[in-house]
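S.K.: A predicted structure for the sequence below; I have some questions about it.
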Amino acid sequence: MKSIYVVGSINMDVVNTLDHFPLPGQTIEGQHTHYHPGGKGANQAVAAAMACSKVQMVGAVGNDAFKATLLQSLQDKGVGQDFVISKSGQSGLAFITVNSEGENYIVLSSGANKHLSSQDLPAEMWNDAALILLQNEIPWELTRTVIQTADKCGIPVWMNPAPAFAMPSDLFTSIHTLILNETEAEILTAMSISNENDAVQAISQLLIDGIRRVILTMGSKGLLYADQHKRITRVEAYSVLPVDTTAAGDTFIGAFAAAWSNGLSFSEGVNFASAAAALTVTKLGAQDSIPSKAEIEAFMSSNPAPRHIAMSAV
């Protein structure tokens, strides 16, 4: 059985909870400070592994006090670490502030992640990968190399362009599935998104530019997806009480990748991943909040499936 390979970041999240976000220049007292293993790459790897897929992480940690904890978390969640390497200096850090409504602000300090290079890519990946997950928390030159090489090898690349910047459009035809939120879609398309019609137009533009499949997540409003036939569908969200939205998007991506690699249809995978993301926001932290396959299936069995509403075709 081939593996899902995640080439991406590994961070320690320093999470501060508070009642409300401070104004510029204002000092306020927080409620609690927690340390949670995170990083978009590692989170997505954990989500896929927790959903019962074989997963290999390709990334870097620093030679610091966080290294052992970060590696142990991956091991505990069933993620392969053969291709996680140590770099001099600190591990990646994410400073996360969460308010009483579960919304967050995140500031990244790349640490070891910015020193990952194409020389760190395992040769085994090009023969063993069922698909490759990518994000934007590692050097862009490395990400470009992975996209181009995977395309030549016939390996599907799933891209989560976060943090977002205007990606070169010549790579779009080499991306199998693009998963992004509204803010990221605005940056990639240079289009303002203030309503559902705007979101449909942004997806249409991405399809025209060459992306084969697009999923645009919209938090509590659900998501829009365009399949390989360029049909756009709106999917409603599961209703839950949010505690912390950190890693919700990463959980969706990892769970969806696992569902797809395990043979579920596109629409079935969307439902499975939506349930996983809904469960994630009910707990504090990143990897510690990601549910298992059994938990996801139990949640789905006790909640009505979200409606899929056909929107249009491009």
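M.R.: Sure, I can see it.

S.K.: remind me which residues of the stretch 1-150 of the chain are low pLDDT?
M.R.: Filtered on pLDDT under 70, the stretch 1-150 of the chain yields no residues whatsoever.

S.K.: for it, which segments count as helices?
M.R.: 40-50, 67-76, 125-128, 140-153 (DSSP state H, counting those that start in this stretch).

S.K.: highest mean neighbour count out of those helices?
M.R.: Per residue and on average, the most neighbours among the helices of the stretch 1-150 of the chain fall to helix 40-50, with a mean of 31 (mean count of other CB atoms under 10 Å). Just so you know, the C-beta spots here come from the backbone N, C-alpha and C atoms, and that holds for glycine as well.

S.K.: how much does it deviate in direction from helix 67-76?
M.R.: With axes from the mean of the first three to the mean of the last three CA atoms, to 10 degrees as the criterion, the two stretches helix 40-50 and helix 67-76 enclose an angle of 30 degrees.

S.K.: and helix 40-50, what does it pack onto?
M.R.: Packed against helix 40-50, as judged by 3 or more CB pairs under 8 Å, 6 or more residues apart in numbering; DSSP states H and E, are the following elements: strand 3-7, strand 55-62, helix 67-76, strand 129-134, helix 248-261.

S.K.: any chance of those in TSV, plus distance to V270?
M.R.: As requested, these are exported to TSV (distance: least, CB to CB, whole Å):
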stretch	distance to V270
strand 3-7	17
strand 55-62	20
helix 67-76	26
strand 129-134	16
helix 248-261	7
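
S.K.: just to revisit the earlier point, I'd like to know which of the helices of the stretch 1-150 of the chain is closest to A310.
M.R.: Comparing those by their distance to A310 (CB to CB), the top pick is helix 40-50, with 27.9 Å.

S.K.: contacts only, for the most centrally placed residue in the chain.
M.R.: Nearest to the mean C-alpha position of the chain, by CA atoms, centre = their mean, lies D250 at 2.8 Å. Taking CB atoms under 8 Å, 6 or more residues apart in numbering as the definition of contact, the neighbours of D250 are 40, 43-44, 47, 160, 286.

S.K.: of all the helices of the stretch 1-150 of the chain, which lies closest to L223?
M.R.: Ranking these by distance to L223, with CB to CB as the measure, places helix 40-50 first at 16.0 Å.

S.K.: with adjacent residues omitted, what lies nearest to the residue nearest to the centre of the chain?
M.R.: In this structure, D250 finds its nearest non-sequential neighbour in N43, 3.6 Å apart by CB to CB, 6 or more residues apart in numbering.

S.K.: distance check, the one you found against P306.
M.R.: Counting by CB to CB, to the nearest Å, the gap from N43 to P306 is 22 Å.

S.K.: that older thread, any chance of the contacts of D250 in CSV, plus distance to L207?
M.R.: As requested, those are arranged in CSV below (distance: CB to CB, whole Å):
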residue, distance to L207
K40, 24
N43, 27
Q44, 23
A47, 26
N160, 17
A286, 31
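
S.K.: widest-spaced pair of those residues?
M.R.: Across the contacts of D250, the longest distance by CB to CB is 14.5 Å; it joins N160 and A286.

S.K.: the more surrounded of those two?
M.R.: When N160 and A286 are compared for neighbours, A286 comes out ahead with 30 against 27, by other CB atoms under 10 Å.

S.K.: list the contacts for that one?
M.R.: By CB under 8 Å, 6+ apart, the contact list for A286 reads 13, 36-39, 43, 246-247, 250.

S.K.: cutoff 6 Å now
M.R.: A286 makes contacts with 13, 36, 38, 43, 246-247, as judged by CB atoms under 6 Å, 6 or more residues apart in numbering.
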